[in-house]
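S.K.: predicted structure and sequence below. I'll ask about it afterward.
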Amino acid sequence: MNITTSKSDTLFRVIAVDLIILTTICLVPALSHLLAVPFYKLNPMLLCLLAAMVLVRDRRNALLMAVLMPVASTLTTGFPTAANLACMIPELLVVATLVPLCMKKMPAMVSVVIAAMSGKVVFYTLRAVLFAPATLVGTNILLQIGVVVAAAMAFGLVMRRR
């Protein structure tokens with residue numbers, strides 16, 4: 001039996017995945033407050049962007065989600081702050097751009113680490129330019145590196161199986 005997917009089925013799947021991811025991102029601040037657990041320290045934007053990249057596998061969609069996720073979260077919850085959008089959107093755009101480019105030459109896990117670390121460089125460079133140096137790093141660097149490595153390992157395993 002040959003099962004084919006129509007363009008409308010694919011579009012429906014992309015929209016469904018994107019809506020689930022956007023809903024998840026918008027719920028993170030509320031869950032953090034409700035459960036008194038700082039989920040934002042686990043870089044949910046990066047994790048959800050990587051999930052979108054795995055589930056949809058479309059570079060244009062990844063770029064769109066890199067912009068939509070922080071904007072939707074800011075509009076619905078106030079987090080991240082509007083000022084932080086100027087740092088977060090470019091960071092996520094770097095990740096969404098570099099992961100597929102790096103994957104042409106290297107394993108998915110390495111691609112995610114390179115893309116995520118490059119995104120962090122962009123994020124903190126912009127924060128240094130736009131904000132006072134005292135507020136440069138808000139989350140423990142080792143925790144951020146740990147999240148990136150864990151996400152890269154998960155991304156690499158999922159991509160290897162596909």
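M.R.: Arrived safely, thanks for sending. Numbering: from 1, shown residues only.

S.K.: CA only for contacts and neighbour counts going forward, please
M.R.: OK.

S.K.: what's the next secondary structure element after the helix ranked longest in the chain?
M.R.: When the chain is parsed with DSSP state H, its longest helix is helix 7-35. Once helix 7-35 ends, the next helix or strand along the chain (criterion: DSSP states H and E) is helix 44-56.

S.K.: so that following helix versus helix 7-35, what angle?
M.R.: Orientation of helix 44-56 against helix 7-35 (axes from the mean of the first three to the mean of the last three Cα atoms, to 10 degrees) gives an angle of 160 degrees.

S.K.: separation between V99 and V112?
M.R.: In this structure, V99 lies at 6 Å from V112, with Cα to Cα, to the nearest Å as the measure.

S.K.: so what secondary structure elements neighbour the longest helix of the chain?
M.R.: Contact here means 3 or more Cα pairs under 8 Å, 6 or more residues apart in numbering; DSSP states H and E; on that basis helix 7-35 packs against helix 44-56, helix 59-77.

S.K.: any chance of the ones you listed in TSV with distance to L22 and mean neighbour count as columns?
M.R.: Formatted as TSV, the helices and strands packed on helix 7-35 follow (distance: least, Cα to Cα, whole Å; neighbours: other Cα atoms under 10 Å):
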stretch	distance to L22	mean neighbour count
helix 44-56	8	20
helix 59-77	6	19
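
S.K.: which one of those helices lies nearest to V17?
M.R.: When those are ranked by distance to V17, counting by Cα to Cα, first place goes to helix 44-56 at 7.1 Å.

S.K.: distance from the chain centre to that closest one, please.
M.R.: Once both centres are worked out by Cα atoms, centre = their mean, to the nearest Å, helix 44-56 turns out to sit 5 Å from its chain's centre.
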